[in-house]
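Engineer: no letters, just coordinates:
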């Protein structure tokens, strides 16, 4: 049987030393930690290697891509592929169209979703549970079912040939999930704050803007990040409603990224893909840290 022996510390106090059974326990945990490190390393390779391969492919010439092995390094580092993708490939126009379609839709989605979540959870009125179920039912409707009716409506109202079909469709399809997430977050907000504001004479609009919105800013950032990637990476809706090359978003533009005589230019194509992927990846890394810090600070009650 192992016996802990007292050990005198530098401060002059006595404390018990490590148990004799600590050695076998550590030796038993060592293989488990080794397997965890191996699995994490494999996951990193699976995630990072495609990005490195895509970056190296974007620096190849078209002949280098067609005549050499797919896994070979570039014989000449052609950085001009990025310039050609941005100018000749009209990637700058595609990015501009994506920004003009995504940001207004995201702003409308967050504004209407936050207001609906506030009304469904904070305000007391008859039928709010049924209304929440209606919003949840909207999450079950496949987007493919509404494309043809929406296309007919946009054509008859004269909105075809603009970015408004994308803005309105993105807002409508993203609202159910936004309302559900914001209503769930509003459940954690103490209602005593709004009751005190009402006693002090604050109106509903003032309570919404000055009390509820600052308290759910972390949720707004989280929902906005999720919805941004949903609608930025959309191909189906953008391909349906962009009947003009000048209105193509970045995903539709990558689908039709060709050179002269319809031949695919692989170097500029992969350069355009790198700009899209690494740009959104940097946005995710930056906003993800902001979200985690905000949620951590908001979880501590002062």
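Structural biologist: Alright, I've got the coordinates. Source: prediction; values computed, not measured.

Engineer: nearest residue to residue 228 other than its sequence neighbours?
Structural biologist: Leaving aside its sequence neighbours, residue 228 sits nearest to residue 106 (Cβ to Cβ, 6 or more residues apart in numbering; 5.9 Å). Where you see a C-beta, it was placed from the backbone N, CA and C, and this is true even at glycine.

Engineer: likewise residue 138?
Structural biologist: Residue 138 sits nearest to residue 176 (Cβ to Cβ, 6+ apart), 3.6 Å away.

Engineer: what comes up buried for the strand or helix carrying that neighbour?
Structural biologist: The secondary structure element spanning residue 176 is helix 164-186 (assigned by DSSP states H and E). Within helix 164-186, the residues that count as buried by 16 or more other Cβ atoms under 10 Å are 164-183, 185-186.

Engineer: where along the stretch 151-300 of the chain do the helices fall?
Structural biologist: For the stretch 151-300 of the chain, the helices defined by DSSP state H, counting those that start in this stretch occupy 164-186, 191-199, 204-207, 213-215, 217-232, 236-241, 250-255, 266-298.

Engineer: so which of the ones you listed is nearest residue 77?
Structural biologist: Evaluated over these, closeness to residue 77 peaks at helix 266-298, with 10.8 Å, by Cβ to Cβ.

Engineer: just the mean pLDDT for the closest one, thanks.
Structural biologist: In this model, helix 266-298 carries a mean pLDDT of 78.

Engineer: do stretch 40-52 as well
Structural biologist: Rounded mean pLDDT across stretch 40-52 is 86.

Engineer: buried ones in stretch 122-137, by neighbour count?
Structural biologist: 122, 132, 135.

Engineer: show me the contacts for residue 280.
Structural biologist: 229, 232-233 (Cβ atoms under 8 Å, 6 or more residues apart in numbering).

Engineer: oh, I was asking about residue 76
Structural biologist: Residue 76 sits next to 61, 64 when contact means Cβ under 8 Å, 6+ apart.

Engineer: by neighbour count, which of the contacts of residue 280 wins?
Structural biologist: residue 232 (21 neighbours; other Cβ atoms under 10 Å).

Engineer: nearest residue to that one other than its sequence neighbours?
Structural biologist: Nearest one to residue 232, counting by Cβ to Cβ, 6+ apart, is residue 102 at 5.4 Å.

Engineer: longest helix of the protein?
Structural biologist: helix 22-57 (DSSP state H).

Engineer: that one to helix 266-298, inter-axis angle?
Structural biologist: 140 degrees (axes from the mean of the first three to the mean of the last three Cα atoms, to 10 degrees).

Engineer: can you name the next helix or strand after helix 22-57?
Structural biologist: According to DSSP H and E, the helix or strand after helix 22-57 is helix 62-67.

Engineer: so which elements touch the helix or strand just after that next one?
Structural biologist: Following helix 62-67 in sequence order, the next helix or strand is helix 80-86 (DSSP H and E). When contacts are defined as 3 or more Cβ pairs under 8 Å, 6 or more residues apart in numbering; DSSP states H and E, helix 80-86 packs onto helix 266-298.

Engineer: what's around residue 254, how many residues?
Structural biologist: 19.

Engineer: roughly how far does it sit from residue 270?
Structural biologist: 10 Å (Cβ to Cβ, to the nearest Å).

Engineer: and the contacts of residue 280 as a markdown table, adding pLDDT and distance to residue 69?
Structural biologist: Below are those laid out as a markdown table (pLDDT from 0 to 100; distance: Cβ to Cβ, whole Å):
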| residue | pLDDT | distance to residue 69 |
| --- | --- | --- |
| 229 | 90 | 33 |
| 232 | 93 | 33 |
| 233 | 91 | 30 |
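
Engineer: same list (the residues you listed) but as JSON lines, adding distance to residue 216.
Structural biologist: Below are those laid out as JSON lines (distance: Cβ to Cβ, whole Å):
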{"residue": "229", "distance to residue 216": "20"}
{"residue": "232", "distance to residue 216": "23"}
{"residue": "233", "distance to residue 216": "25"}
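
Engineer: just the closest of the residues you listed to residue 144, please.
Structural biologist: residue 233 (16.8 Å).
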